[in-house]
Structures are given as C-alpha cells and as structure tokens.
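Trainee: I need the structure of the sequence given here:
(one chain, ligands or ions: 2)
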Amino acid sequence: MTDSNIRPEWTPNDAGQEFASQVMKGVIGGHDGLSKLTNTGQAPRRKIDVAVYADGVLAGNRAMLARAITLVESNAPHHLQSAQELLQRLLPHTGQSIRIGITGVPGAGKSTFIDTFGSYLTTKGYKVAVLAIDPSSSVTRGSILGDKTRMENLSRDENAFVRPSPTGGMLGGVARKTRESMLVCEAAGYDVILVETVGTGQSEITVRSMVDFFLLVLITGAGDELQGIKKGVIEIADALLINKADGDNKIPAQTARSEYNRVLHFLTSATDGWTTRAHTASALTGEGIENIWNVIQEFRLNTTKSGVMESRRQEQLREWLHTVVENQLIDFFFRHPNIQSALPNIEEAVMSGEMPATAGAQSLLKLLMADE
Ligand SMILES: Nc1nc2c(ncn2[C@@H]2O[C@H](COP(=O)(O)OP(=O)(O)OP(=O)(O)O)[C@@H](O)[C@H]2O)c(=O)[nH]1
Ligand SMILES: [Mg+2]
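Mentor: Ligands and ions are numbered 1, 2, ... in the order given. Predicted coordinates for the structure are as follows:
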C-alpha cells in the first residue's frame, strides 16, 4: 500500500494507487510496479470539485496546479470525466504561452540548459513551467526529471514549476498527459513552457507536434559531428544549440556551429518563413543563453505576423483529435469481448500462414460489428 511519507507533493491526500505519478517503494505488486491491490470499490471516493480546482489553478495557486495536473495525468477511468470538465473550464485561459520543445542526445546538457535558461527567464519576470516526455520512465526506474538536482535553481524558484515525466507506459498516453498538463500550466499563468525529451526518434516527433519552437541541443566531439542525430531530427528543429561552448571546447563548438550552418543550408526548414540556424552556448557559464531567447522571440514575432504560429497550433489540434480517436478506437477494439475470444485463433491462422493478415483483420472487424 502507499506510504504517505513517500508520496510526491502533488498527490492528493485521499488518493489511492490510481495516480500516474506516484513514488512507490520498489516493486511491490505485479511486474509493472503497481500493487496488486487496487482501491476500486473500496475506499469511498471523495467527489472532485472541479470548480475548486479551476479557481485554484486560475489564481496561480501552485498546490492546486500540482493537484490539477495529477488529476489530468490520472489513469483512473473515474477521473477522466472530472479532468475533461476541468480542461473545459481552463481552455479559455490557455494559449498565451510560448511552447518550447527541447531534445538532444543523453548528456548533451538539456537539463542544465533548462535550469540556466529557465532561471534567466524568471529573473526577467517570466513564469516558467518545465514538463518532460520520457515514455520509458517510471518513478521507480528514475525519470528524465527524476533527479531534480540537475535543475537545482529552477526547482527552488517560486516562478518556476518543474514536473517530472508522467509515468504510464506508451508514448501516446504520456504525450496526452503532457499536452493537457501544458494547458493547465498556461491557465495558471505560465508564460514559457519547456518540454524536455530524450533523443530517441519517435518522442521527438511527438514533442514537435505539441510545441511552437523546437530546439535541438548538440555537443561537439566524438569525431562524428552528427553523433547519431538523424537528419530527420535536424529537419524538425527551429534552432540548433551547440552546448558546452566553454573553456577548451569553445573554439571546437564554434567550428561545429559553422559546419552545422553549412549542412542546414541544404535542408528544408521546419517552419515556413523561418531559417533554422546553429548557435553556441554554455549552460554552465550562461554565455549565449540570452541569444537563444532573442532567437525564440524573433521566431515568435515572425511567425505570429505571418500567421504560421496560429495555423501550426490549429493543425496540431486537428492532429491531436485524430490521434485520440485512433487510440480510443484501438482500445475499444482490443477490449471488445468478440475480439478477445476470436483473436487467438485468427492470430494463429495468420502466423501459421493459413490466412493472409488483411483477411484476418477483416474478419475481426466483422466480428466487432456483429453486435450492433
Ligand atoms: N562544460 C560544460 N558542461 C556542461 C554544460 N552543460 C551541461 N554540462 C554537463 O554535462 C553533463 C550532462 O548534463 P545534463 O544537463 O544532465 O544533460 P542531459 O542532456 O539533460 O542528460 P540526460 O537527461 O541524461 O539525457 C553534466 O555533468 C553537466 O554538468 C556546459 O554548458 N558546459
Ligand atoms: Mg536531462
């Protein structure tokens, strides 16, 4: 069972095992780390007062913000309705922030950059929220923002809100939570939203689909300047940042910047009317940090004027709607009793080569409709 001493601050006191972000003492139940005991039908559920949550968030109350995000991240079916009602109330107060995605190979200095950059922004009077997408993470295994020590300054800053990656398996599920958390942060008055992700391919595409500006953090060295970063990732970036441009590494970083700028010249840019360029900075000393903010502000001005910002956000919403429909349909399909009983046989027939996969899928779909 949950021990209240090891609960993160954002877990409501009356919560059971259903919250996605929850610290557990190692693996105590199934292989997924969840207790075999659930509170379904047990402890009486206190009704969530959505209006209280909404008022708290809109007033910029941090504790309520944390609780609202916990609600939005919850995997419990009975929280879904309240979470959606809450988002409905908050929606008119969203959209005013600049949403920035940050990616890069492990160790490139993303977290250090966010700490320095975020602190720079709060000293300028902005409120900064940091979210993460790390589909593989769970609190027990350590998550992307698990060690807040790497964001020492920001996590102590009252104008910053640092939230670890939601747990909960598949990238799609994690992405939904992050996207909705982003809206809650905006409603709470945060001006800049930073979304960190690991450099693993698919998660970058996902983050790109929810932010305005996408920053790729790179480092020099290891001979190969492309260091496993695929051309495709460079092509979805609005700026490249060669980090660790300090000490002996300053000159190599500047050389790398010129090389990347040459490469960028031949690539399609990620955003209409905007030229992606490489820059250098040191997250450690702070040099070049202001320049990055200037670049982002120029981007914002430019794309707002041209209408590209607005059309990108609308397109992102359309895509998101479609993604949610797809996920829910798939879920409905695999949970359907007709499918569950027929699937093993059809799978076997397809695997043994007796039945073509497409024919197998068609007969499953027919079974799904047989009820209606
Ligand atoms: N010299 C120098 N070191 C840096 C700089 N930025 C980060 N580092 C160091 O690089 C190491 C990795 O930094 P992180 O910020 O944890 O990198 P990350 O990209 O978030 O790493 P993951 O979260 O593991 O993917 C740490 O030891 C940092 O102190 C920099 O600008 N200059
Ligand atoms: Mg990190």
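
Trainee: please count neighbours and contacts with C-alpha atoms only from this point.
Mentor: OK.

Trainee: tell me the SS of His279?
Mentor: Judged by DSSP: H, G, I helix; E, B strand; the rest coil, the three-state class of His279 is strand.

Trainee: what are the ranges of the strands in the stretch 201-350 of the chain?
Mentor: 213-218, 239-242, 277-280 (DSSP state E, counting those that start in this stretch).

Trainee: nearest to Gly107, of the ones you listed?
Mentor: strand 213-218 (9.4 Å; C-alpha to C-alpha).

Trainee: now tabulate the strands of the stretch 201-350 of the chain in a markdown table and tack on distance to ligand 1 and mean pLDDT.
Mentor: Shown next, in a markdown table, are the strands of the stretch 201-350 of the chain (distance: least, C-alpha to the nearest ligand atom, whole Å; pLDDT from 0 to 100):
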| stretch | distance to ligand 1 | mean pLDDT |
| --- | --- | --- |
| strand 213-218 | 8 | 95 |
| strand 239-242 | 9 | 96 |
| strand 277-280 | 9 | 97 |
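
Trainee: so can I have TSV of these showing mean neighbour count?
Mentor: As requested, the strands of the stretch 201-350 of the chain are arranged in TSV below (neighbours: other C-alpha atoms under 10 Å):
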stretch	mean neighbour count
strand 213-218	26
strand 239-242	25
strand 277-280	24
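
Trainee: which parts of the chain belong to which domain?
Mentor: 4-90, 94-306, 316-370 (automatic domain parsing).

Trainee: how close does the closest residue to Glu73 other than its chain neighbours get to Gly247?
Mentor: Distances taken as C-alpha to C-alpha, 6 or more residues apart in numbering put Lys177 closest to Glu73, at 5.2 Å, once the chain neighbours are dropped. From Lys177 over to Gly247 the distance is 40 Å, taken as C-alpha to C-alpha, to the nearest Å.

Trainee: what residue is smack in the middle of this protein?
Mentor: The residue lying closest to the centre of the chain (C-alpha atoms, centre = their mean) is Ile133, at 3.4 Å.

Trainee: who's in contact with that one?
Mentor: 144, 165-166, 174-175, 178, 195-198, 203, 207 (C-alpha atoms under 8 Å, 6 or more residues apart in numbering).

Trainee: top of those residues by neighbour count?
Mentor: Ranked by the number of neighbours (other C-alpha atoms under 10 Å), those place Pro166 first, at 32 neighbours.

Trainee: which stretches of the protein form helices?
Mentor: With DSSP state H, the ranges of helices along the chain come out as 50-58, 62-73, 77-90, 110-123, 152-156, 171-187, 202-208, 231-235, 250-264, 289-306, 308-335, 337-351, 357-370.

Trainee: go through those and name the closest to ligand 1.
Mentor: Closest approach to ligand 1 among the helices of the chain is made by helix 110-123 (3.6 Å; C-alpha to the nearest ligand atom).

Trainee: who touches Phe161 in this structure?
Mentor: 128-130, 154-155.

Trainee: show me which of those residues is closest to Met351.
Mentor: Val130 (45.2 Å).

Trainee: that closest one reaches Asp191, doesn't it?
Mentor: No. Look at Val130 against Asp191 with C-alpha atoms under 8 Å: they stay out of range, at 11.2 Å.

Trainee: of these two, which one has the most company?
Mentor: Val130 (27 against 20).

Trainee: residues from the stretch 151-300 of the chain in reach of ligand 1?
Mentor: 198, 243-244, 246, 282-284 (C-alpha under 6 Å from any ligand atom).

Trainee: repeat the analysis, applying 8 Å as the threshold.
Mentor: The stretch 151-300 of the chain comes close to ligand 1 at residues 197-199, 217, 243-247, 249, 281-286, as judged by C-alpha under 8 Å from any ligand atom.

Trainee: quick one on the thing from earlier: check the domains of the chain for me and report the most buried one.
Mentor: Among these, domain 94-306 has the highest mean neighbour count (mean count of other C-alpha atoms under 10 Å), at a mean of 19.

Trainee: quick check: nearest residue in space to Thr206, chain neighbours excluded?
Mentor: Using C-alpha to C-alpha, 6+ apart, the closest residue to Thr206 is Ala175 (7.0 Å).

Trainee: repeat for Glu310
Mentor: Spatially, and ignoring its direct neighbours in sequence, Glu310 is nearest to Thr304 (6.9 Å; C-alpha to C-alpha, 6+ apart).

Trainee: my read is that the one you found contacts Arg312, right?
Mentor: No. With contacts counted by C-alpha under 8 Å, Thr304 stays clear of Arg312, the gap being 10.4 Å.

Trainee: about what we covered before: now the contacts of Phe161 in TSV, with pLDDT?
Mentor: Below are those laid out as TSV (pLDDT from 0 to 100):
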residue	pLDDT
Val128	97
Ala129	97
Val130	95
Leu154	91
Ser155	87
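
Trainee: from Phe333, how far out is the residue nearest to Glu310?
Mentor: 41 Å.

Trainee: cool, His265 as well?
Mentor: Distance from His265 to Phe333, by C-alpha to C-alpha: 46 Å.

Trainee: can you check Ser119 too?
Mentor: Taken as C-alpha to C-alpha, the span from Ser119 to Phe333 is 47 Å.

Trainee: what of Leu87?
Mentor: In this view, Leu87 and Phe333 are 27 Å apart by C-alpha to C-alpha.

Trainee: what's the answer for Val295, then?
Mentor: Distance from Val295 to Phe333, by C-alpha to C-alpha: 46 Å.

Trainee: what's the first-to-last distance across stretch 202-215?
Mentor: With C-alpha to C-alpha as the measure, the first residue of stretch 202-215 is 16 Å from its last.

Trainee: who's in contact with that stretch?
Mentor: 98-103, 133-135, 171, 175, 179, 195, 197-198, 233, 236-241, 296, 299, 309, 312-313, 316.

Trainee: at 7 Å instead, please
Mentor: With C-alpha atoms under 7 Å, 6 or more residues apart in numbering as the test, stretch 202-215 has contacts from 98-103, 179, 197, 237-240, 309, 316.
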